[in-house]
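Provide a 3D model corresponding to the input given below.
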Amino acid sequence: MLRGSSIMSAASSAGQQQPQHPTTLKFRQLLAHENEVCPYLLGKGTEWTVTEKDARDSGGRLKVERVPHAAVGSLVYDKDWPLMSATSSAGQQPHQQQQQPQQQAMKLKAVEIHLPPDTNDATQRLVGGIIVRTITPAEVQQLIRQGADAAVYVELRECRRRVALLLCVSLLSLAIDDWSTPTALEEELTIGPERHKGEFILPLWPSREVQAAILSALIDAIGRPRIDSLPPFPGHPRITKRKGPIEMAVRAGNLTAVKTLVANGAALRGRQLVFLPRWVRTSKEYEAALMAIYTYLVQHDPSLATEATANGYNVIHLAAGVGPIYSEAFIHAFLQLMKDNGASLTHTTHQHVHSKTPLHRAAIQCSYHVIEWLCPHLSPADINERSSANTTPLTLASGKVASLVRHATTPSVRGEISGMRGAIRAMLRSGAAIDRDRHVRRLVDGEYVQLLEELADDVMDAVNGALKPQRDVADLLTRLLPLARFPPSRPKPSDATDNDAPAAPSRPSPFAHSDETAHIAWKVGAFLHEPEAVDQMHLTTHTPLAGRVKAAMQHFVKCAATKTAGNREVVGVMANVGGRVVRVPLQCFAVNRGQLTHRRLGLREVVHKARLDEAARYGLTGVVKDFNTHLGNEDCQFDWQQLGWVDERGQFQPLGIN
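Numbers count the residues shown, from 1 in each chain. Modelled structure (predicted):
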């Protein structure tokens with residue numbers, strides 16, 4: 001049990017400053033005959049004490065509170081000790097010193113610490129020193145020489161429930177700094193924030209070097225072959241949990257501990273070390289620490305990215321199952337790292353698991369960042385694959401949105417709705433077939449209209465991206481060419497005193513007063529335009545929409561870059577159209593009228609025609625034209641077989657868009 005030589009209740013310590021008294025930290029040592037599920041009643045077991053010097057060095061205080069329990073009497077431990085060290089050893093990155101929390105109070109609440117029967121005094125002192133972080137590497141070695149068992153397993157019990165949850169951990173695990181929330185041990189005990197009201201937070205070592213030395217001393221004592229051994233199952237196996245040191249170090253975001261364990265031979269395979277933690281409060285610092293660890297691990301052994309659980313979940317499945325708790329940048333970087341090291345994006349689970357592919361699981365768990373990253377890497381067939389329950393990811397995502405809308409009472413839920421709506425548009429943009437799941441049409445129709453609305457801006461962004469290098473170079477040359485100076489022409493050699501003649505001045509640039517400067521600069525810049533930028537716009541539909549839009553974009557970029565005299569011709573000039581003066585961009589398309597004059601069109605009209613046809617295919621309304629609205633949609637009406645362009649000879653050439 002945990003008792004203090006100076007016991008303060010929460011009531012007595014509140015409202016007034018209490019003097020700091022030395023405290024005595026005592027641990028429960030189980031007797032060999034105690035086999036009950038919760039053998040922590042008063043009068044059972046023995047107690048041992050961490051020295052008062054350790055307690056004084058901690059500079060803290062101890063509170064012991066007796067709390068009623070439904071079945072048995074128990075003690076609740078509530079220590080609140082200030083930081084034991086100034087610098088954390090968690091989260092160190094390979095090439096960057098990451099800033100660490102400056103304080104971490106020691107808090108132990110609703111948790112009992114038990115040791116095996118007949119634990120000797122040296123072992124008790126070793127365990128206590130590691131828990132309160134007041135022991136040095138030299139003292140660890142000294143206690144081990146005095147008979148301390150560095151391989152001892154400590155039993156933690158969460159005792160506020162009717163049936164206690166047991167967790168066996170090694171000293172190596174207890175020696176690992178952890179500033180995550182909840183800590184790895186709290187997660188295993190199912191306590192901490194937003195769970196049962198318990199706490200198990202240990203202080204931090206004075207430095208990374210001290211932590212590494214402590215871990216190395218413990219490993220030297222137990223031997224490398226035992227570094228991977230898991231704790232035994234004491235008590236009731238049904239409620240006992242076990243974790244090894246390497247799993248604890250990864251979950252804690254502690255790269256120093258991970259490197260120390262790996263350097264000492266810790267086994268990595270079969271432990272699912274690169275599977276994302278789910279029950280954790282994320283932060284930029286924690287995400288950076290995890291990414292550094294995962295990068296280090298897969299560089300050490302790429303096969304870690306290809307592991308799977310007993311149900312067939314791989315690392316991508318597990319990332320899809322964590323929900324929207326990680327940032328978009330982290331999720332995308334993590335998924336790319338795993339993919340680069342062999343993780344399958346289309347790995348399927350066992351038949352009895354409903355979430356067949358990672359995309360199915362992401363739709364179920366509202367992991368919209370995962371969906372947005374996965375879709376551009378999947379084929380339409382992958383996106384439309386059905387699970388064992390005969391559902392597509394689009395169906396699952398739509399059902400998730402419908403469920404969230406009914407409970408949209410908090411900002412977080414509204415954020416999930418917005419994220420999932422964007423994820424649905426990502427699936428539609430990548431080829432999700434809405435006509436296969438007619439019962440979800442009402443849920444996705446609005447998102448498809450939104451996608452069609454965004455399409456016009458996406459097209460213009462892609463076109464401008466393709467022409468940007470050409471525009472930049474042309475603008476630069478237009479300003480620099482008039483400033484150029486050319487060497488004077490050389491006179492014919494003669495036997496006269498040419499050497500004594502004064503040097504002729506350099507000739508002025510021929511572009512100084514030329515109207516052709518901008519035209520020449522544009523033609524030079526054409527060599528640098530990037531037509532491949534058009535293909536970077538992700539649009540892969542199972543309908544003709546994507547093919548029509550991309551073919552039109554490619555033709556426009558080619559004409560704008562190579563068939564015009566300058567950027568002014570591309571963006572267009574003001575002209576009277578239908579009784580209104582509007583800007584008319586490059587008209588590089590034509591509609592075949594047989595022997596008559598061909599009607600000229602721009603890219604905007606062609607894209608809007610594709611949007612109108614797609615909306616008509618599904619009976620959608622609300623696709624708004626944002627140019628020449630006074631003409632309605634009349635200027636965008638044509639048959640696709642009649643669309644083409646007029647060459648230099650004035651001959652119509654079809655584009656071949658169906």
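
Do you know the pLDDT at A503?
We note a pLDDT of 59 for A503 in this prediction.

Packing partners of the lengthiest helix in the chain?
Ranked by residue count, the top helix of the chain under DSSP state H comes out as helix 441-480. Helices and strands touching helix 441-480, by 3 or more Cβ pairs under 8 Å, 6 or more residues apart in numbering; DSSP states H and E, are helix 393-405, helix 411-429, helix 517-525, helix 545-562, helix 567-571, helix 603-617. Backbone N, C-alpha and C define where each C-beta goes, glycine included.

what's the closest of those to T282?
helix 411-429 (13.7 Å; Cβ to Cβ).

centre of the chain versus the closest one, how much separation?
16 Å (Cα atoms, centre = their mean, to the nearest Å).

Could you list every helix and strand in contact with that helix?
Counting contacts by 3+ Cβ pairs under 8 Å, 6+ apart, helix 411-429 is packed against helix 368-374, helix 393-405, helix 441-480.

Can you list the neighbours in contact with the shortest one?
Going back to what we said before, that points to helix 368-374. By Cβ atoms under 8 Å, 6 or more residues apart in numbering, the surrounding residues in contact with helix 368-374 are 316, 319-320, 324, 326-328, 331-332, 335-336, 345, 358-359, 362-363, 393, 397, 416, 419-420, 422-423, 426-427.

re the thing from before, now that we have the helices and strands packed on helix 441-480, can you turn them into a markdown table and tack on mean pLDDT and mean neighbour count?
Formatted as a markdown table, these follow (pLDDT from 0 to 100; neighbours: other Cβ atoms under 10 Å):
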| stretch | mean pLDDT | mean neighbour count |
| --- | --- | --- |
| helix 393-405 | 88 | 21 |
| helix 411-429 | 90 | 19 |
| helix 517-525 | 91 | 19 |
| helix 545-562 | 93 | 21 |
| helix 567-571 | 93 | 16 |
| helix 603-617 | 93 | 21 |
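
re the thing from before, for the longest helix of the chain, which residues meet the burial criterion?
Within helix 441-480, the residues that qualify as buried are 443-445, 447-452, 455-456, 458-459, 462-463, 465-467, 469-471, 473-474, 477-478, counting by 16 or more other Cβ atoms under 10 Å.

Distance from it to the middle of the chain?
Centroid separation between helix 441-480 and its chain, computed with Cα atoms, centre = their mean, is 26 Å.

got the angle for that helix vs helix 545-562?
Between helix 441-480 and helix 545-562, the angle comes out at 10 degrees (axes from the mean of the first three to the mean of the last three Cα atoms, to 10 degrees).

and helix 441-480, what's its mean pLDDT?
90.

tell me the angle that helix makes with helix 393-405.
100 degrees.

when you compare where helix 441-480 runs with where helix 517-525 runs, what's the angle?
Going by the same axes, to 10 degrees, helix 441-480 makes 120 degrees with helix 517-525.

For the nearest residue to A305 once chain neighbours are set aside, grab the count of nearby residues.
Counting by Cβ to Cβ, 6 or more residues apart in numbering, A305 lies nearest to N341, which is 3.9 Å off, once chain neighbours are set aside. Using other Cβ atoms under 10 Å, the number of residues around N341 comes to 20.

which residues does N341 contact?
So N341 contacts 298, 302, 304-306 (Cβ under 8 Å, 6+ apart).

again, but for R281
180-182, 193, 325.

What is the lowest-pLDDT residue among these?
For the contacts of R281, the weakest pLDDT value sits at P193, with 52.

Quick one, which of the contacts of N341 are buried?
298, 304-306.

And the helix or strand encompassing A575, what does it pack against?
According to DSSP states H and E, A575 maps onto strand 573-577. The helices and strands touching strand 573-577, judged by 3+ Cβ pairs under 8 Å, 6+ apart, are strand 580-584.

So what are the sheet partners of the strand it packs on and their directions?
Strand 580-584 sits in its sheet next to strand 573-577 (antiparallel), going by DSSP bridges.

How about residues contacting the partner strand?
So strand 573-577 is in contact with 581-584, 628, 631, going by Cβ under 8 Å, 6+ apart.

Also stretch 611-631?
Counting by Cβ under 8 Å, 6+ apart, 434-435, 441, 445, 448-449, 452-453, 455-456, 541, 543-545, 577-580, 582, 604, 608, 632-633, 635-636 sit against stretch 611-631.

I227: which of the helices and strands packed on helix 411-429 is closest?
Nearest to I227, of the helices and strands packed on helix 411-429 and by Cβ to Cβ, is helix 368-374 at 33.8 Å.

Pull out the buried positions in the closest one.
Buried positions in helix 368-374, judged by neighbour count with 16+ other Cβ under 10 Å: 368-374.

Need the CA coordinates for that helix. PDB is fine.
Extracted in PDB, the C-alpha atoms of helix 368-374 (Å, rounded to 0.1, in the frame of the first residue of the first chain):
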ATOM      1  CA  TYR A 368     -11.000  11.600 -44.100                       C
ATOM      2  CA  HIS A 369      -7.300  12.500 -44.300                       C
ATOM      3  CA  VAL A 370      -6.500   8.900 -45.100                       C
ATOM      4  CA  ILE A 371      -9.300   8.800 -47.800                       C
ATOM      5  CA  GLU A 372      -8.000  11.900 -49.500                       C
ATOM      6  CA  TRP A 373      -4.500  10.400 -49.700                       C
ATOM      7  CA  LEU A 374      -5.600   7.000 -50.700                       C
END
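
measure L166 to E186 for me?
15 Å (Cβ to Cβ, to the nearest Å).

Apologies, that question was intended for D220.
Taken as Cβ to Cβ, the span from D220 to E186 is 29 Å.

For those two, indicate the residue with more neighbours.
Using other Cβ under 10 Å, the more surrounded residue of D220 and E186 is E186, with 26 against 14.

so S398 makes contact with R441?
No: S398 is beyond contact range of R441, at 9.0 Å (criterion: Cβ atoms under 8 Å).

follow-up on the earlier one: can you select the buried ones among the contacts of strand 573-577 for me in PyMOL?
A single PyMOL command selects the buried members of the contacts of strand 573-577 (16+ other Cβ under 10 Å):
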select buried, resi 584+628+631
